[in-house]
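Engineer: Need the 3D shape of this:
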Amino acid sequence: MKNSYSTRELAELLSVNESTVKRWADSGFIECIKTKGGHRKFPIRSVLRFIHENQMNVPALSLAEFDKKDVQAHLSAGFVDVLVPALKEAALQGDSFEVQRLLRTGLISQPDIIMLYTQLLFPALVDIGTGWQNGTLRVDEEHLATQAIKSALFRFQSEIHIKEPNSLSAVVSCFEGETHDIAITCIASYLTSEGWKVYHLGQDIPTDDLSLFIRAKKPNLVAISASTINDERRFVYGVNNKIAAAAHKAGALTIVGGSHMPSRFLGRLKCDLLSDNIADIRGIHQKMTVEGTRR
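Structural biologist: As a prediction, the model looks like this:
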């Protein structure tokens, strides 16, 4: 995928005339950079944001990257799972820029951010995690892949269209001791793209500190990720008596997610939703956007 497009190239890509592209640029609808000679250049991040914002179908942008007909057919239909093997391989090679390129390609075929992560990113992560668990991947290989994905996600966020602020806010965080933060990063990415103000605290946040932060910020939503739980009693106590208590006092909904979370902790945690699929965050977003106020 090219790093930038000329006015003519972008016009051909979007099936419009060059004067339309120039008008969009001059009106600020799409970001461009002018060369010393006065020519417009459109960075790929700007093109992607524009396409995402306007929900445009631009198969040529993604199909040009792949000459295999079966891959093209899948991408044209919005099935980004065809890119999973390539993304997994790029991550294992530590090639974060290739991971980012594949996310870009997927975004054009599947503009729904949460489905893009669910269908493309997480299957690759599961395969990598399974390889580490069964011994076919070493720890260093798993860590290299994880860091490549995290670096790619950080840069990819700048290429996603951000909707107008919707007055809702969320605190997203890993539970104390949890160091796997890609799921919560994807949730933060999705909510940010939908106009939320997101406080992304990241890995291993002490429960007491997280509770104080919730009380101070008074968010509409608290989302906690906990995939590795070694002490269930301590986890249940921390969620119920500290995190959920602080969230309830702030009037916030609480969602706790992680591997097998509903089957392990249903009826034991005082939260609004237990989840083992990040796609559940869409329902929470839609519900709260319609309501417009905290409980």
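Engineer: May I have the distance across stretch 230-249, first residue to last?
Structural biologist: 28 Å (C-alpha to C-alpha, to the nearest Å).
Engineer: how far out from the middle of the chain is it?
Structural biologist: 26 Å (C-alpha atoms, centre = their mean, to the nearest Å).
Engineer: quick one: low-confidence ranges for the stretch 1-150 of the chain?
Structural biologist: 1-2, 55, 57-78 (pLDDT under 70).
Engineer: How about residues contacting the longest helix seen in the chain?
Structural biologist: Looking across the chain with DSSP state H, the single longest helix is helix 139-156. Helix 139-156 has contacts (C-beta atoms under 8 Å, 6 or more residues apart in numbering) with 88, 90-97, 99-100, 103-104, 121, 124-125, 128-129, 131-132, 181-182, 185-186, 189. For every residue, glycine as well, the C-beta is placed using N, CA and C.
Engineer: and Arg233, what element?
Structural biologist: Using DSSP states H and E, Arg233 maps to helix 232-238.
Engineer: Show me what counts as buried in that helix.
Structural biologist: Buried residues in helix 232-238, defined by neighbour count with 16 or more other C-beta atoms under 10 Å: Phe235, Gly238.
Engineer: mind checking how far the residue nearest to Asp208 when sequence neighbours are not counted is from Glu291?
Structural biologist: In this structure, Asp208 finds its nearest non-sequential neighbour in Lys242, 6.7 Å apart by C-beta to C-beta, 6 or more residues apart in numbering. Look at Lys242 and Glu291: by C-beta to C-beta, to the nearest Å, they are 26 Å apart.
Engineer: cool, and Ala245?
Structural biologist: With C-beta to C-beta as the criterion, Ala245 and Glu291 are 22 Å apart.
Engineer: Which one of these two is surrounded by more residues?
Structural biologist: Ala245 (16 against 11; other C-beta atoms under 10 Å).
Engineer: For the more buried one, report the pLDDT, please.
Structural biologist: Model confidence at Ala245, given as pLDDT, is 94.
Engineer: Look up how far Lys270 lies from the residue nearest the centre of the chain.
Structural biologist: In the chain, the C-alpha nearest the mean C-alpha coordinate belongs to Cys186, at 3.1 Å (C-alpha atoms, centre = their mean). Per C-beta to C-beta, Cys186 is found 25 Å from Lys270.
Engineer: same thing with Glu178?
Structural biologist: 19 Å.
Engineer: repeat for Asp280
Structural biologist: 18 Å.
Engineer: Kindly report the same for Ser19.
Structural biologist: On the measure of C-beta to C-beta, Ser19 and Lys270 end up 59 Å apart.
Engineer: And those two? Which one has more around it.
Structural biologist: More neighbours surround Lys270 than the other of Ser19 and Lys270, with 16 against 10 (other C-beta under 10 Å).
Engineer: what are the ranges of the strands in this structure?
Structural biologist: 4-6, 33-34, 40-43, 169-174, 197-202, 221-225, 253-257, 273-275 (DSSP state E).
Engineer: right, so these: which one is the most enclosed?
Structural biologist: Comparing the strands of the chain by mean neighbour count (mean count of other C-beta atoms under 10 Å), strand 221-225 ranks first with a mean of 27.
Engineer: Now it - C-alpha only, CSV.
Structural biologist: What follows is strand 221-225, C-alpha atoms only, in CSV (Å, rounded to 0.1, in the frame of the first residue of the first chain):
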residue,chain,number,x,y,z
LEU,A,221,-18.5,3.1,31.9
VAL,A,222,-15.8,1.1,33.6
ALA,A,223,-14.3,-1.8,31.5
ILE,A,224,-11.9,-4.2,33.2
SER,A,225,-9.8,-6.8,31.5
